[in-house]
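Peer 1: How does the following fold in three dimensions:
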Amino acid sequence: MKNIFYVFLLMPLFYLGAQDEGPYLIRLHVVEVEGNIGAFIQANREYYKPLAAKAVEDGKWAGWSMSRSVTYPSRFIFFHHFSSPEQYAKPKSIWGANEAKELGLEQPDGSKWEMTTLRDLDLWQVNAAVFDNEPSKYFVMNKFKFSYTDRKKFIDNNRAWGEYVVKPQLDSVEGYNWVCATLVTAGNFVDQESQIVNGISFDGFASIEDILHRRSYKETNDPNPHFQKFQKYVSENDLTDFSSSVSSSIYQDLASTFN
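Peer 2: So this is what the prediction gives:
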């Protein structure tokens, strides 16, 4: 993925930028919030987003975004972007008092809410992406478990999905953007079978209505020719049966340094 273009206009979640350094990494911070959730969202938009944007300007990371679960409104995911392992590993201060003072920001009243981390700050490598010319305001996050030996099969299967299903529909589906990634900072295998989620993909859409229409059952639903081509390709190339489990959930993009 080299020189994938102007990010937020395409998908608020994922700016892959120039891939000369690579591999491109994203860190997921999943949290549960209790208390004044409105104040929590406002603080992130008005205080933490400017700090995150300044860190991008200073080369400390490649970007930041915040999304909220549609099903569980108190659950949020923060995405931290790094253009290379070197950028990730370099010591940095992003949320410090000096940075806030430089921007003239007043620290919000954190007593209005309580934030609990639900999972460690896992680091993921982006393996493939397809972008539209329209933004995705909502996205479906898909989670997979695959065996130690099936990592390449997972990646190849997802790349085929991007090529055969996503790309041909970019002109007809507004804000249709897609990314897949694999876990790089953790692992828990028993007899080579993963015990934790180690693969993710994101299907972005322009609205919640688009997602609900696509996921709803229809009595007279004609077969999708793009999906049929995908099925044929993965079957002929032995790219099926790579995942022991899969789950999905819907999120709304709330704030990002990419706009």
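Peer 1: what's near enough to touch residue 155?
Peer 2: Residue 155 is in contact with 127, 128, 180, 182, counting by C-beta atoms under 8 Å, 6 or more residues apart in numbering. The C-beta positions use only the backbone N, C-alpha and C, and glycine is treated the same way.
Peer 1: how about CSV for the residues you listed, with neighbour count added?
Peer 2: Below are the contacts of residue 155 laid out as CSV (neighbours: other C-beta atoms under 10 Å):
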residue, neighbour count
127, 22
128, 19
180, 25
182, 18
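Peer 1: Residue 146: which of those residues is nearest?
Peer 2: residue 182 (8.6 Å; C-beta to C-beta).
Peer 1: wait, what's in contact with the residue nearest to residue 198 when sequence neighbours are not counted?
Peer 2: Leaving out its chain neighbours, the residue that sits closest to residue 198 by C-beta to C-beta, 6 or more residues apart in numbering is residue 183, at 4.2 Å. With contact set as C-beta under 8 Å, 6+ apart, residue 183 has these partners: 122, 123, 124, 196, 197, 198, 199, 200.
Peer 1: Narrow the contacts of residue 155 to those in strands?
Peer 2: 127, 128, 180, 182 (DSSP state E).
Peer 1: Now those residues in TSV, please, with extra columns for pLDDT and distance to residue 80.
Peer 2: TSV is the format used below for the ones in strands among the contacts of residue 155 (pLDDT from 0 to 100; distance: C-beta to C-beta, whole Å):
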residue	pLDDT	distance to residue 80
127	96	18
128	96	20
180	96	18
182	95	17
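Peer 1: Most widely separated two among the residues you listed?
Peer 2: Between any two of these (C-beta to C-beta), the greatest distance is 10.2 Å, for 128 and 182.
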